[in-house]
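Student: just a sequence and a predicted model for now, questions to come.
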Amino acid sequence: MSELTVKVENGICHIAISRPEKRNTIDSATCLTWVKILAQAQKDEEIRCVVLSGEEGIFCAGADLGETLHPTAQSEEAYQALIESMIAFDKPILAAVQGPAVGLGVAILGFSDLVYCGEKTLFSLPFTALGLSPAYGLSFSLGEKAGYRKALEKLLLSEPISAIEALHMGIVTDIVKDEDVLKETLARAARLSLLPPESVRATKALMRREHAGAIREAIRAEQQTLQQRLQSKEAAEAYRAFKEGRKPDFRTKAQ
């Protein structure tokens, strides 16, 4: 089964993450497929917008943990390619979020233009709890939307973010009934598909004009810090604890 399902209809390109056995985590292969789909959607003048969703009641449980903790040059390039393709995409991107959104799953929403979630949706940014540091531009995008103090609180404490909190933090555009998330998002996409496309793209470009440079700078800084964190004893302990099904012990001095 394909890890991304794609349906193009009435000017809408609907991309659904389909890795339910992996809780819709995203690996490097999925990233590269996603990049190709966006490139095709960018070129296709009949496509007016893109809708993102996850199947089986899960939006996205983040990046593949094995690739996160043991990155290769190829996997890093794939994740970066996905992020860059979303930054550069000049048509509207809408996200329908049901179930959990974790790490990269939250970062993707920062590259989306309109985001709708269900009442029971939970968001999570567990980087610090894993002995790591923020990635995918979240150190900038979350602060830009939520403000420094709230963004730092959630990143430091690695606490879940409820749908109401996500709305107040600017992570989502609106909250709808859980069973109506995709329907409502597609309805807004349908409205966009009827509007003058050049005007829509020009409006997005104006709203995003200062965003791209800042997010790319943040990503470069994050990558340098993350490389250091991946070599730390804290990250190693977090990974061992995850594999062993126990809570990590960070009481000893890290080196």
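Tutor: Arrived safely, thanks for sending.

Student: give me the most central residue, the chain.
Tutor: residue 108 (2.2 Å; CA atoms, centre = their mean).

Student: test my guess that that one contacts residue 52.
Tutor: Yes: here residue 108 reaches residue 52: they are 6.8 Å apart, a contact under CB atoms under 8 Å. (Glycine included, C-beta is placed from N, CA and C.)

Student: okay, and the residue nearest to the centre of the chain sits in which element?
Tutor: helix 104-110 (DSSP states H and E).

Student: one more: residue 16?
Tutor: strand 12-17.

Student: can you name every helix or strand that that strand contacts?
Tutor: strand 4-9, helix 28-43, strand 49-54, helix 181-194 (3 or more CB pairs under 8 Å, 6 or more residues apart in numbering; DSSP states H and E).

Student: so which of those gets nearest residue 88?
Tutor: helix 28-43 (8.1 Å; CB to CB).

Student: how about the helices in this structure?
Tutor: 28-43, 65-69, 73-88, 104-110, 138-146, 148-157, 163-168, 181-194, 197-207, 211-230, 233-244 (DSSP state H).

Student: ok, back up a step: now do the contacts for the residue nearest to the centre of the chain.
Tutor: 52, 60, 86, 95, 101 (CB atoms under 8 Å, 6 or more residues apart in numbering).

Student: mind putting the helices and strands packed on strand 12-17 in CSV, distance to residue 17 included?
Tutor: Listed next are these as CSV, based on distance: least, CB to CB, whole Å:
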stretch, distance to residue 17
strand 4-9, 6
helix 28-43, 8
strand 49-54, 5
helix 181-194, 13
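
Student: just for the stretch 151-255 of the chain, where's the confidence low?
Tutor: Applying pLDDT under 70 to the stretch 151-255 of the chain flags residues 253-255.

Student: and if we set it to 90?
Tutor: Low-confidence segments of the stretch 151-255 of the chain (pLDDT under 90): 209-212, 239, 242-243, 251-255.

Student: circling back to that earlier point, need the winner for burial among the helices and strands packed on strand 12-17.
Tutor: strand 49-54 (a mean of 25; mean count of other CB atoms under 10 Å).

Student: export that one to PDB, keeping only CA atoms.
Tutor: C-alpha atoms of strand 49-54 as PDB (Å, rounded to 0.1, in the frame of the first residue of the first chain):
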ATOM      1  CA  CYS A  49      -4.900  24.200  -3.600                       C
ATOM      2  CA  VAL A  50      -3.700  21.200  -1.500                       C
ATOM      3  CA  VAL A  51      -5.400  19.500   1.400                       C
ATOM      4  CA  LEU A  52      -3.300  17.400   3.900                       C
ATOM      5  CA  SER A  53      -4.800  14.800   6.200                       C
ATOM      6  CA  GLY A  54      -4.000  11.500   7.900                       C
END
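
Student: alright, calling it a day.
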